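Undergrad: return atomic coordinates for the entry below.
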Amino acid sequence: MSRFGRFYEERVLPVAIDRMCGSKAFRVHRRDTVAGTHGTVLEIGFGSGHNLALYPPEVKRLVVVEPSARAIELAKSRVARASFPVDVVGLTGEALPLENGSIDCVVSTFTLCTIPNAALALREIKRVLAPAGTLHLLEHGLSDDSKVQRWQHRLDPVQQRVAGGCHLSRDMPALLADAGFGIVEMRRWSEGRPRPFLAMTRALATPT
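TA: Model prediction:
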């Protein structure tokens with residue numbers, strides 16, 4: 001990767017993502033996603049901490065995985081205001097440094113679109129979840145509309161290059177099912193335009 005490419009991915013892109021993912025519209029969906037979390041929570045792709053202020057009081061500890069040092073820097077003021085301890089435990093969702101069954105809830109918001117091996121990350125999430133644990137997911141991905149899907153497949157290579165590996169065409173319900181998760185609740189909708197970028201999924205799932 002060129003010097004400019006490294007600068008863009010390490011310094012510019014995290015700031016752009018912080019601003020885009022911190023919108024008021026997404027805040028409502030984030031709050032709905034983290035509802036019901038409790039105990040020890042693992043957040044995959046913590047980013048700059050936009051979920052922190054939305055967690056319910058039943059959350060006692062948050063452990064996070066985040067590959068971007070710049071995103072962690074941007075999160076410092078939000079971490080300082082959190083009502084529970086926040087511990088960074090790793091850089092990648094594909095290899096979680098956590099014991100089997102040690103996590104009550106896992107939260108993933110706008111992360112599985114970008115993780116290089118989403119299937120492996122979901123298997124790791126399943127491993128660390130307690131038997132009665134829950135996965136709380138908010139994501140964009142493959143639309144239910146075939147016309148939108150065609151555009152998503154066309155635009156996906158460009159999206160990956162400019163958005164740090166983010167995919168437009170990952171099938172979120174299929175990824176969950178293939179990893180051995182059962183769907184408790186799921187909502188699928190289009191957040192608006194441009195539609196290829198805003199085909200949304202919010203799901204509550206449990207390991208089966």
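Undergrad: tally up the residues packed near the nearest residue to residue 171 once chain neighbours are set aside, please.
TA: Leaving aside its sequence neighbours, residue 171 sits nearest to residue 142 (Cβ to Cβ, 6 or more residues apart in numbering; 4.5 Å). For the C-beta atoms, the positions are set from N, CA and C on the backbone; glycine is no exception. Neighbour count of residue 142, defined by other Cβ atoms under 10 Å: 22.
Undergrad: now swap in residue 138 and tell me
TA: 23.
Undergrad: can you tell me the SS state at it?
TA: Classification of residue 138 by DSSP: H, G, I helix; E, B strand; the rest coil places it in strand.
Undergrad: which ones are touching it?
TA: Taking Cβ atoms under 8 Å, 6 or more residues apart in numbering as the criterion, residue 138 is in contact with 29-30, 33, 108-110, 200-202.
Undergrad: I'd like those residues as CSV, with secondary structure, distance to residue 96 and pLDDT appended.
TA: Listed next are the contacts of residue 138 as CSV, based on DSSP: H, G, I helix; E, B strand; the rest coil; distance: Cβ to Cβ, whole Å; pLDDT from 0 to 100:
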residue, secondary structure, distance to residue 96, pLDDT
29, helix, 25, 95
30, helix, 22, 96
33, helix, 20, 98
108, strand, 12, 98
109, strand, 17, 96
110, coil, 19, 94
200, strand, 26, 97
201, strand, 22, 98
202, strand, 23, 98
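Undergrad: list the beta-bridge partners for residue 109.
TA: residue 138 (DSSP bridges).
Undergrad: contacts only, for it.
TA: Residue 109 touches 21, 30, 33, 43, 45, 50-51, 137-139, counting by Cβ under 8 Å, 6+ apart.
Undergrad: can you give me the strands in this protein?
TA: 39-44, 59-65, 86-90, 103-109, 129-140, 181-190, 199-207 (DSSP state E).
Undergrad: low-confidence stretches in the chain?
TA: Residues of the chain meeting the criterion pLDDT under 70: 1-22.
Undergrad: so where do the helices sit in it?
TA: Listed in chain order, the helices of the chain (DSSP state H) span 3-7, 13-21, 24-34, 69-81, 118-128, 146-162, 172-178.
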